[in-house]
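A.B. asks: Below are the sequence and a predicted model; questions follow.
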Protein chains: 2
Amino acid sequence: MTSIDNKAFSRRDLLALVGKAAGGAAMYQAMTSLGFAAESGYTGPPKLDGARRGASVLILGAGLAGMVAALELRRAGYKVQILEYSGRAGGRCWTLRGGDVFAEMGGAVQRCEFAKGEYLNPGPWRIPYHHHAVLDYCKRLGVALEPFVQVNYNALVHSAKAYGGKPQRYRHVQSDFQGYVAELLGKAATQGNLDTALTREDKEKLLEGLRKWGALDAQMRYRESALTSDRRGYETDPGGGLMPLAKPSRPLELGDLLQSGLWRYIASGQEYEFQSTLFQPVGGMDMIAQAFQREVGSLIRYHAKVTKIAQDERGVTVTYTDDAHGGAVTQARADWCLCTIPLSVLSQLDVQVGDAMQQAINAVPYDASIKIGLQFKRRFWEEDEAIYGGISYTDLPITRISYPSTRYGAKGKSVLLGAYAFGPNAYEFTAMTPQERVRRAVEQGSQLHPQYAREFDNGIAVGWHRVPWSQGCYGLWTDESREKHYRNLCQIDGRIALAGEHASYIPAWQEGALLSALDAIERLHARAVS
Amino acid sequence: MTSIDNKAFSRRDLLALVGKAAGGAAMYQAMTSLGFAAESGYTGPPKLDGARRGASVLILGAGLAGMVAALELRRAGYKVQILEYSGRAGGRCWTLRGGDVFAEMGGAVQRCEFAKGEYLNPGPWRIPYHHHAVLDYCKRLGVALEPFVQVNYNALVHSAKAYGGKPQRYRHVQSDFQGYVAELLGKAATQGNLDTALTREDKEKLLEGLRKWGALDAQMRYRESALTSDRRGYETDPGGGLMPLAKPSRPLELGDLLQSGLWRYIASGQEYEFQSTLFQPVGGMDMIAQAFQREVGSLIRYHAKVTKIAQDERGVTVTYTDDAHGGAVTQARADWCLCTIPLSVLSQLDVQVGDAMQQAINAVPYDASIKIGLQFKRRFWEEDEAIYGGISYTDLPITRISYPSTRYGAKGKSVLLGAYAFGPNAYEFTAMTPQERVRRAVEQGSQLHPQYAREFDNGIAVGWHRVPWSQGCYGLWTDESREKHYRNLCQIDGRIALAGEHASYIPAWQEGALLSALDAIERLHARAVS
């Protein structure tokens, strides 16, 4: 049993005792005051007591996993060094700003031309409220957060194959789909078709609930009215004085709506990871990387490209080319090693671990993805269309447009996320030159926003499978590969432990990187002091 | 036809011409670039050209209606003066902070004891994305906005009569209600019960939509699983490394959920006025009042209590007691008068208008409402429960608890909205002393948050029907009273026009106050120059 299991168990014991002694309400109180109701395994930084004097840990990779491990291991008394492939700390916690240069595999080089204060987060861009570790470290390290707007009722949902290609408002599709579902179910219930599934009392409550939730009229119909316009919005909004009277809007026809497929976009904000309240760091995601770097930056050796990881019964030896010093082949040695190198890269290196871990390292392909940031001359989405933050969806290869959740109402140039695609769509984009990718994103986005052509300024496109140090976006586990390889990937092999989002059940999220690192160092520490 | 009607008409003509000449896409482009797609009657400050030299307007009330009118009329060249009952500009656009003193009708005096930076907005507290006039003036006057979080999936919904009084998570009720609705409708559709209402093709799309939207499994069931936990959250969240495996959460039983009535709270964020993206001014709603005051403050005479409004064919004479000068009875005169005094007060004054307007003034009762701000020693809702902003709902008289949508993660004392009740609940609260109101709010809130008792610091309670200068919260129109009196209220009577939220179809909202004032001064100006 791991130490974290023990900790959770003893806390549960305590709660059971409280519950027995004082009843349910006191137990609930105790639970909430212990932060337990949050359903998270994270309860604060690990307590690593009793480290051996002089014990050392070599960390590979200065992403969030590597840096949080460095922070906590150093605090525990370990001698820590980090080797980082690139010239920057943060890994996929990365923000591109004006002046930044990005060279991708294949040789294309892009220089970011964004205006001051504008940015693109090529990697993570959102922090869910239940990502307790990320939020806690933001608080501890002084990273200011602001809400990330995921759902915007005034944003667009679009299919090139529906409504003649005319984008629809999210609020229209959301309200109409829900309303028609309520009407149809109400009809079925009223006609007695649910009588085997529901008691009479439950049916009455269901009808009452459907009416309210679906904005149905007294006859349980979803129809053009002030009632439905108070959900989907008006044709002409209510005004003041003797302005023109409000005019209700007309719901979409049920058949058209069903055939449009646009309903597929309306539940995204209900998913656990995208539910409000979501956050982003003020100024760009790499504010988190910078905050960690302020703490452990002195431990990082940049431009150190690991080629080999060897171990014996006394320690770990890592060979790397030191590109900061002419590519000299160099070695670093420590008692223990925490390796956070993405499996896409690690699987290409010479790593001295047992078969089980090696097979696990080889078992996880990486997803392809692309993000394209587009700078426009003005915030036309706000100024012309009252879209403040949030996401528009489309079945075009760009898949979505995300508007900035910051500096609402600001004048001047502004950057939005003009494409965020995975898999085949991502490969299709990266088959083009960066300039062509940007051009294509502008062309597709114009189908949602005709202002695109006139207002476009510049853009940048990051395909993760072209990023040299990650060669993919995140580890693509399946139920089968988890079953076979996950524990083998995470078990400490001799003196080597792995961490990163790939060594977590929260793939592609920073929380996965932090939790895997914290869990790994707790186990490394337990072994080191045993 | 009013000037604003003319303007809208000519713009529509223009759009029709564009449409004929260039087809739909060009028309859509023209529409969006003219801001027309926003469905709003507001298209920017009115253009009031050709005011007569020396013409004057007396404005009664320095709320947002009065101040925006003063700003635009002065810009147009009018001589403007504002008489204000209280010692403060803003009216119901009002923020209470530490040190503020509030004396209510009946004599109770409360001193606000909030910590620095903390506040309560007793009146308006949210700005919808489609309140174009408020947002535009915020932009013009430099009022910084931040998102107001209405829906928080991790907040609570509570009924004293359901689940033994134990609060439920919003995400549980939202996900389960929607999931069961999808399951039930799927069942009805599969059993052929919708075959008269739907074509076979539509039924297939409906089933596909229900599965995705309701998080149903392949058998169209809503069941305990990773799938449903990706909506409602997990019993144990997914973790990193070898942390305990994720444990799905178990949905509420359908019968319990229906009988609980908690489904009544889950659609609130889908209402047009509460849809994301909502805003609030950074630092308190009265940042808007202060911004207007910076512009027109020099025109305001405070502590001027109007008792009589008389008019003749050449102008308007207003009698008031000048409480800034010992209560001297004083008169002010101007060519025109814009009166923004709430009808609850105006109906008690001697006003020389025709029968139609007088009857309209008398026809609108005002709603009672109360808000109670509670300061706690720390943000336990964030620290213990990961509730960042948003609203918890209850069927207790406090009706809801709204957590601050600002300074997330801040240390130290923090104020939340501990009660916001209308009608009978509001009267019940104000029948008590302010101290007792606060005590009662703490007691009720404890049923949602056991931390209340230990963390409570101080509170303040504002009942709008006890506020001397408004004597109610907002004008309570019915369809019948609108039909009979609304136009008579808004028509200019001789040289007097009325404005305020009561003279709008957006009651209780600042947008109603602004639009009614802008519409009224356009018509006053048209008459003044004719």
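C.D. replies: Sure, I can see it. Please read these numbers as outputs of a predicted model, since none were measured by experiment. Numbers count the residues shown, from 1 in each chain, chains lettered A, B, ... in the order given.

A.B. asks: Roughly how far does the nearest residue in space to A:F380 that is not next to it in sequence sit from A:K371?
C.D. replies: Closest residue in space to A:F380, ignoring its immediate chain neighbours: A:Q451 at 4.3 Å, by Cβ to Cβ, 6 or more residues apart in numbering or on different chains. Any C-beta I mention is one placed from the backbone N, CA and C, and that applies to glycine too. Distance, A:Q451 to A:K371, using Cβ to Cβ, to the nearest Å: 21 Å.

A.B. asks: How many residues are close by A:T307?
C.D. replies: Residue neighbour count, defined by other Cβ atoms under 10 Å in any protein chain shown, stands at 12 for A:T307.

A.B. asks: Domain boundaries for chain A, per the record?
C.D. replies: Using automatic domain parsing, the domain parsing of chain A gives A:1-37, A:40-89+A:291-364+A:475-529, A:96-154+A:276-284+A:367-466, A:170-260.

A.B. asks: rank those domains by pLDDT, which is bottom?
C.D. replies: Mean pLDDT per stretch puts domain A:1-37 lowest among these, at a mean of 40.

A.B. asks: picking up where we left off before, hang on, isn't the residue nearest to A:F380 packed against A:E383?
C.D. replies: No: the criterion here is Cβ atoms under 8 Å, and A:Q451 misses it with A:E383 at 9.3 Å.

A.B. asks: So for the two, which residue has more residues nearby?
C.D. replies: Neighbour count, other Cβ under 10 Å: between A:Q451 and A:E383, A:Q451 has more, with 21 against 18.

A.B. asks: wait, what's in contact with A:A189?
C.D. replies: Applying Cβ atoms under 8 Å, 6 or more residues apart in numbering or on different chains to A:A189 gives the contacts A:L198, A:K203, A:L206, A:L207, A:L210, B:L184.

A.B. asks: Looking at the residues you listed, state which has the most neighbours.
C.D. replies: A:L210 (27 neighbours).

A.B. asks: Return the residues in contact with A:Y366.
C.D. replies: Residues near A:Y366 by Cβ under 8 Å, 6+ apart: A:P342, A:L343, A:S344, A:W464, A:H465, A:S470, A:Q471, A:G472, A:C473, A:Y474, A:G475, A:L476.

A.B. asks: How about the helix or strand containing the third one and chain B, touching?
C.D. replies: With secondary structure defined by DSSP states H and E, A:S344 is part of helix A:343-346. No: using Cβ under 8 Å from any Cβ of the partner chain, helix A:343-346 never reaches chain B; the gap is at least 14.5 Å.

A.B. asks: my guess is A:S481 is in a strand, correct?
C.D. replies: No: applying DSSP: H, G, I helix; E, B strand; the rest coil, one finds A:S481 to be helix, outside a strand.

A.B. asks: pretty sure it contacts A:I361?
C.D. replies: No: in this structure A:S481 lies outside contact range of A:I361 using Cβ under 8 Å: 11.7 Å.

A.B. asks: which one of the two has more residues nearby?
C.D. replies: Shown here are A:S481 and A:I361; by other Cβ under 10 Å, A:I361 has more neighbours (23 against 16).

A.B. asks: For the more buried one, identify the helix or strand it belongs to.
C.D. replies: A:I361 belongs to helix A:355-362, assigned by DSSP H and E.

A.B. asks: who touches A:A76 in this structure?
C.D. replies: A:L48, A:D49, A:A51, A:H525.

A.B. asks: the helices in the stretch 101-250 of chain A, which residues?
C.D. replies: Along the stretch 101-250 of chain A, the segments classed as helices by DSSP state H, counting those that start in this stretch run A:132-141, A:170-190, A:200-214, A:226-232.

A.B. asks: most packed of those?
C.D. replies: Comparing the helices of the stretch 101-250 of chain A by mean neighbour count (mean count of other Cβ atoms under 10 Å in any protein chain shown), helix A:170-190 ranks first with a mean of 24.

A.B. asks: From chain B, how far out is A:K413?
C.D. replies: As defined by Cβ to the nearest Cβ, to the nearest Å, A:K413 lies at a distance of 17 Å from chain B.

A.B. asks: Tell me how many other residues surround that residue.
C.D. replies: 20.

A.B. asks: what residues are up against it?
C.D. replies: Contacts of A:K413 (Cβ under 8 Å, 6+ apart): A:F114, A:A115, A:E118, A:Q375, A:F376, A:K377, A:R378, A:D457.

A.B. asks: Please tabulate the helices of the stretch 101-250 of chain A in TSV and include distance to B:A246 as additional columns.
C.D. replies: Output for the helices of the stretch 101-250 of chain A, formatted as TSV (distance: least, Cβ to Cβ, whole Å):
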stretch	distance to B:A246
helix A:132-141	14
helix A:170-190	29
helix A:200-214	30
helix A:226-232	35
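
A.B. asks: so which of those gets nearest B:A332?
C.D. replies: Nearest to B:A332, of all those, is helix A:226-232, at 40.7 Å by Cβ to Cβ.

A.B. asks: hmm, who's touching that closest one?
C.D. replies: A:169, A:171-172, A:174-176, A:179, A:215-217, A:222, A:235, A:246, A:248-249, A:251, B:270-273.
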